[in-house]
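> sequence and predicted model, in that order:
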Amino acid sequence: MTLIVQALWGGVLFGAVYGLMALGLTLVWGAVRFLNLAHGAIFTVGAYAAYWVVSSLNMPILIALPFGVLVAAAFSYLMHLGFIRPVLGKPGFDNSTLIATVGISIAVSAAAILIFNP
């Protein structure tokens with residue numbers, strides 16, 4: 001019985017995380033009309049930042065989670081300033097942002113493998 005409860009609880013939690021990620025993609029698409037393919041990379045940066053705070057600094061998870069959110073927000077803002085804003089409203093905006101966000105996603109994945117060696 002315990003295994004069933006754990007499986008159901010895990011399914012609910014993963015479903016909530018996936019729902020929040022889908023909500024974020026939908027909000028960006030509805031507001032700005034561009035597909036941010038680095039959306040998962042932003043979540044990855046925040047998750048690894050929280051993991052680093054817990055594992056290296058021995059902080060409690062209740063401190064690490066807001067820290068991860070702040071790091072993800074800062075990364076997202078810097079990504080917007082460096083890659084999205086310069087091409088915003090220019091001809092070929094859709095293709096430029098698509099290529100930039102794919103590149104950011106690949107770079108974050110490679111950096112996570114190099115730094116954390118999962």
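Arrived safely, thanks for sending.
> switch to C-alpha atoms for all contacts and neighbour counts from now on
OK.
> for the biggest helix by length in the chain, name the packing helices and strands.
Longest among the helix segments of the chain by residue count, using DSSP state H, is helix 2-32. With contacts defined as 3 or more C-alpha pairs under 8 Å, 6 or more residues apart in numbering; DSSP states H and E, helix 2-32 has these neighbours: helix 39-57.
> chain center to the helix it packs on, what's the gap?
Centre-to-centre, helix 39-57 and its host chain are 9 Å apart (C-alpha atoms, centre = their mean, to the nearest Å).
> and if you look at stretch 104-115?
Computed by C-alpha atoms, centre = their mean, the chain-centroid distance of stretch 104-115 equals 12 Å.
> picking up where we left off before, list the buried ones in the longest helix of the chain?
Going by neighbour count (16 or more other C-alpha atoms under 10 Å), the buried part of helix 2-32 is Leu25.
> and that helix with helix 39-57, angle?
Angle of helix 2-32 versus helix 39-57, following axes from the mean of the first three to the mean of the last three C-alpha atoms, to 10 degrees, is 130 degrees.
> let me see the mean pLDDT of helix 2-32.
In this model, helix 2-32 has a mean pLDDT of 92.
> repeat that for stretch 101-118.
92.
> sec struct for Ile63, please.
Per DSSP: H, G, I helix; E, B strand; the rest coil, the local secondary structure of Ile63 is helix.
> lovely, talk soon.
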